[in-house]
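> Mind folding the following:
(chains A and B)
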Amino acid sequence: MVRVRFAPSPTGPLHIGGVRTCLYNYLFAKKLGGKLLLRIEDTDQTRFVPGAEEYIVESFKWLGITFDEGVHVGGPFAPYKQSERMAMYKEYADYLIENGWAYYAFDTPEELEVKRKEAESEKRTFQYDINTRNSLCNSLTLTAEEVQERLKGHFVVRFKYPENLEITVHDLIRGEVKISSHLLDDKVLFKSDGLPTYHLANVVDDHTMEITHVIRGEEWLPSAPLHVMLYQAFGWDAPQFAHLPLLLKPDGNGKLSKRDGDRLGFPVFPLQWTDPKTGEISSGYRESGYLPEAVINMLALLGWNPGNDQEMMSIDQLIQLFSLEKVSKSGAKFDLDKARWFNHQYLQMKSNAELAEQFNHQLIEKGIQISLDKVEKVVGLVKERVHFIQELWTQSSFFFLQPDTYNPDVIKKRWKEDTPQHLNTISEILMSSQPFDKAKAHDDVMAYIQENQINMGQIMNCLRLSLVGDSKGPDLFEIIDFLGTEEVGKRIAKAIQEIA
RNA sequence: GCCGCGUUCGUCUAGCUGGCCCAGGACAUCAGGUUUUCAUCCUGAAGAUCAGGGGUUCGAAUCCCCUACGCGGUACCA
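Have a look, this model is predicted:
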């Protein structure tokens, strides 16, 4: 049974890269009939941000990614929050020490900082490792009595890499990654605050929760050898590893960050987030009008592809087609235009009724009360030109409100001296068409234009300008039909008055 | 600095077991067409000497080596 996990730390809003990591875990699990669990890695209490955990849960709820086990749904391996599993980590750290896989270290952060500075000034780098641990303050160099004494104060537990060992990580995406134990530093496994670091907690939890595949970001690749060694030290079978390529910023290189989103004007987070400390607001995909299925589809293709030319894929299709072998090795730059395009595609697939219902909320907020089937009618008329739900309003406001400005460029280009006269006549023609009939109105107006040999482009654009305020929008007679002849008459009169 | 990972059109990528690739698709771009307008849509074009250099081979984007560049890591953070 395949069991995978997504294990974020609650240090703020969930980054879109994290969302993708979780998506791949989800697709992988679903494809293989396995389980996905959500574990909260909150071993660093100094970085805890209130609300972050709830944010994470809500984000996946919005996206439709469900978990089989986790903090919010429970499960047979509860608790799924590391701060609630504290007691067990100490035992595992002790086990490592007893078996010679780890040691106590008493050097203070300040002392180590001094060492680093020293080394730096000599163009060297200081590392707590095989080469230096025997000259530092730890249970390897101190007598048993001294160690006992020091254990009453602050201490950390460090991993003790064996000498002359080549460590191999088998990565499902990258193949074998090898490194010598002499190059690795003796990572802290257990901090002086009594909590484990990620490295220990992650390995212990993954094992006890029976995780079979660890699918995570590439930034973890350098510490994967440690994790492999930890499994070995405990005598456990290691899960399979797969390190995903990074999500890069759209311009230049480097990891996509919150700053890039602010700078380039696109969301880096699934949901809008308000920083509880500074009150700073970061935009989210949901609030920006993205459809969850579009975000999923777009994200899935950033670092993976089905091996053919298919791009539009529902979540079920993604599950069917997904495989880690097709995940690419290099980082993917975020493409805002492609994201827009996906949203447009998915928006077109929504029914008019569904969009109308959402759009109606916006209308009500703007103080516009109108029957739902009328809203639906408008939605049907403008949907195809809209990329985001919010644009429904900018593309259709003239259906509900009289224009209060008229595009000066259009006036300049199309509005002639005899325009008011023609518009008035057209207004009358439309009025006389009772009951109103779209097709007949169209024919009548065309006939008028023909008879009087008026430039059609000119008069039609002026008519449009009067009703819409600009040279945009769907079929004019659809607009007229929706507005009703009385309203059309009013708007023509108003336009003539204001433009003249 | 050291270690690791990576490098095909502007972007996401196809290409994985060498010949069907003078490299295919999509987004973006440009040009036409549709439309009374704008947008959508349709058609087409342009766009990568496969990072560079060496090999191996009858033949390499595909295999090997070197270099360059980029990124990641190098915390008592995850």
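> where does chain A have low pLDDT?
Along chain A, no part satisfies pLDDT under 70.
> Got the domain ranges for it?
Here the domain parsing of chain A from automatic domain parsing is A:85-244, A:408-499.
> possible to save those as TSV with distance to RNA strand B and mean neighbour count?
Where you see a C-beta, it was placed from the backbone N, CA and C, and this is true even at glycine. Below are the domains of chain A laid out as TSV (distance: least, C-beta to the nearest atom of the strand, whole Å; neighbours: other C-beta atoms under 10 Å):
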stretch	distance to RNA strand B	mean neighbour count
domain A:85-244	3	17
domain A:408-499	3	16
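> for the stretch 51-200 of chain A, what spans make up the strands?
A:69-70, A:102-105, A:156-159, A:166-171, A:175-180, A:188-190 (DSSP state E, counting those that start in this stretch).
> quick one on the thing from earlier: could you provide the domains of chain A in CSV, with additional columns for distance to residue A:10?
Shown next, in CSV, are these (distance: least, C-beta to C-beta, whole Å):
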stretch, distance to residue A:10
domain A:85-244, 13
domain A:408-499, 46
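> how about the helices in the stretch 201-350 of chain A?
Applying DSSP state H, counting those that start in this stretch to the stretch 201-350 of chain A gives helices spanning A:224-234, A:258-264, A:292-300, A:315-321, A:336-349.
> Tell me which of the ones you listed is the most buried.
helix A:292-300 (a mean of 23; mean count of other C-beta atoms under 10 Å).
> Which among the strands of the stretch 51-200 of chain A is found nearest to residue A:286?
strand A:69-70 (20.7 Å; C-beta to C-beta).
> can you confirm residue A:5 is in a helix?
No - with DSSP: H, G, I helix; E, B strand; the rest coil as the criterion, residue A:5 is strand rather than part of a helix.
> looking at it, it is touching residue A:208, isn't it?
No - the criterion here is C-beta atoms under 8 Å, and residue A:5 misses it with residue A:208 at 11.6 Å.
> still on that earlier bit, compare the strands of the stretch 51-200 of chain A and give me the one nearest residue A:490.
strand A:69-70 (58.6 Å).
> Which other helices and strands does the closest one contact?
On a contact count with 3 or more C-beta pairs under 8 Å, 6 or more residues apart in numbering; DSSP states H and E, strand A:69-70 meets strand A:35-38.
> The strand it packs on close to RNA strand B?
No - Strand A:35-38 lies out of reach of RNA strand B by C-beta under 7 Å from any atom of the strand, never closer than 12.8 Å.
> Show me what that strand pairs with in its sheet, parallel or antiparallel.
Next to strand A:35-38 in the sheet, as set by DSSP bridges, lie strand A:3-6 (parallel), strand A:69-70 (parallel).
> and the longest one, C-alpha only, in PDB?
Coordinates of the C-alpha atoms in strand A:3-6 are reproduced here as PDB (Å, rounded to 0.1, in the frame of the first residue of the first chain):
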ATOM      1  CA  ARG A   3       1.400   6.000   1.600                       C
ATOM      2  CA  VAL A   4       2.700   9.500   0.900                       C
ATOM      3  CA  ARG A   5       2.600  12.700   2.900                       C
ATOM      4  CA  PHE A   6       2.600  16.400   2.500                       C
END
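> That one and RNA strand B, any residue contact?
No - figure legend: strand A:3-6 not in contact with RNA strand B (C-beta under 7 Å from any atom of the strand); closest approach 11.2 Å.
> ok, now the shortest one?
No - between strand A:69-70 and RNA strand B, judged by C-beta under 7 Å from any atom of the strand, nothing touches; the nearest distance is 14.9 Å.
> tell me the contacts of residue A:118?
residue A:126 (C-beta atoms under 8 Å, 6 or more residues apart in numbering).
> what do you get for residue A:105?
Contacts here follow C-beta under 8 Å, 6+ apart; on that basis residue A:105 touches A:128, A:133, A:136-139, A:155-158, A:186, A:188.
> now it, which residues is it bridged with?
Listed by DSSP bridges, the beta-bridge partners for residue A:105 are residue A:138, residue A:156.
> now it: how far from residue A:145?
Going from residue A:105 to residue A:145 by C-beta to C-beta, to the nearest Å gives 17 Å.
> Over to residue A:441?
For residue A:441 relative to residue A:145 (C-beta to C-beta), the value is 102 Å.
> do the same with residue A:442
Counting by C-beta to C-beta - residue A:442 and residue A:145 are separated by 101 Å.
> For the stretch 201-350 of chain A, what lies in contact range of RNA strand B?
Proximity of the stretch 201-350 of chain A to RNA strand B, by C-beta under 7 Å from any atom of the strand, involves residues A:218-223, A:245-246, A:248, A:252-255, A:301-305, A:307-309, A:311, A:325-326, A:328-333, A:335, A:337-338, A:340-341, A:344.
> Dump the strands paired with strand A:35-38 to CSV, plus mean neighbour count.
Formatted as CSV, the strands paired with strand A:35-38 follow (neighbours: other C-beta atoms under 10 Å):
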stretch, mean neighbour count
strand A:3-6, 26
strand A:69-70, 22
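> what about the helices in the stretch 51-200 of chain A?
With helices called from DSSP H, counting those that start in this stretch, the stretch 51-200 of chain A shows them at A:52-63, A:86-98, A:109-121, A:144-150, A:198-208.
> same question, the stretch 401-500 of chain A
A:408-414, A:419-432, A:438-451, A:456-468, A:476-483, A:485-499.
> how much distance is there from the first one to the middle of the chain?
Its chain's average C-alpha position is 43 Å from that of helix A:408-414, according to C-alpha atoms, centre = their mean, to the nearest Å.
> And it, what does it pack against?
Partner elements for helix A:408-414 (3+ C-beta pairs under 8 Å, 6+ apart): helix A:456-468.
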